[in-house]
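Trainee: turn this into a structure:
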Amino acid sequence: MDKIKAGEHPETTVPLSEAVARTSRIDPEFVDCKGLEAGWGIKRSLAYQLLGDGKIQGVSLRRVGQTRGKRLFSVHSVRRFLQAQMEAEQ
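Mentor: Next comes the predicted model:
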């Protein structure tokens with residue numbers, strides 16, 4: 001292994017754990033389906049069911065005339081829903 005001289009950076013770095021990476025980022029206002037699953041374990045089908053039932057909020061981003069787009073979910077509404085679920089169980 002080559003020695004690193006002052007002011008140089010190593011060619012490879014140790015990857016951050018997901019927890020460390022997550023805490024170093026700013027909390028998002030919106031997440032997609034993958035973000036819901038990563039953050040709360042809520043998969044796509046449940047997310048759309050909760051959205052349809054009005055229990056969480058979301059927005060679809062798409063260009064005019066397009067049928068497909070990107071669905072984003074409000075993090076605040078997800079947290080509000082989960083908090084209400086916890087309070088209902090008490």
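
Trainee: where does the protein dip in pLDDT?
Mentor: Per-residue confidence for the chain (pLDDT under 70) gives these ranges: 1-25.

Trainee: ranges for the helices of it?
Mentor: In the chain, the helices defined using DSSP state H lie at 18-23, 33-40, 44-52, 75-89.

Trainee: who touches the longest one?
Mentor: The one in question is helix 75-89. Defining contact as CB atoms under 8 Å, 6 or more residues apart in numbering, one finds that helix 75-89 is touched by 27-31, 36, 39-40, 42, 50, 55-58. C-beta: built from backbone N, CA, C; applies to glycine.

Trainee: top of those by number of neighbours, please.
Mentor: residue 56 (24 neighbours; other CB atoms under 10 Å).

Trainee: that residue and residue 80, how far apart?
Mentor: Distance from residue 56 to residue 80, counting by CB to CB, to the nearest Å: 8 Å.

Trainee: pull the residues that contact stretch 44-59.
Mentor: Contacts of stretch 44-59 (CB under 8 Å, 6+ apart): 30, 33, 36-37, 42, 71-74, 77-78, 81.

Trainee: got it, and stretch 27-41?
Mentor: Residues outside stretch 27-41 that contact it (CB under 8 Å, 6+ apart): 42-44, 47, 59, 70-76, 78, 82.

Trainee: ok so, going back, with distance to residue 65 as added columns, please give the helices of the chain in a markdown table.
Mentor: Listed next are the helices of the chain as a markdown table, based on distance: least, CB to CB, whole Å:
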| stretch | distance to residue 65 |
| --- | --- |
| helix 18-23 | 37 |
| helix 33-40 | 24 |
| helix 44-52 | 23 |
| helix 75-89 | 28 |
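
Trainee: any idea which of these gets closest to residue 63?
Mentor: With distances scored as CB to CB, the stretch of those nearest to residue 63 is helix 33-40 (19.8 Å).

Trainee: quick check: angle from that closest one to helix 75-89?
Mentor: Angular relation of helix 33-40 and helix 75-89 on a 0 to 180 degree scale: 40 degrees, by axes from the mean of the first three to the mean of the last three CA atoms, to 10 degrees.

Trainee: ok, which pair from the contacts of stretch 27-41 is furthest apart?
Mentor: Longest distance between any two of the contacts of stretch 27-41 is 23.2 Å, between 70 and 82; criterion CB to CB.
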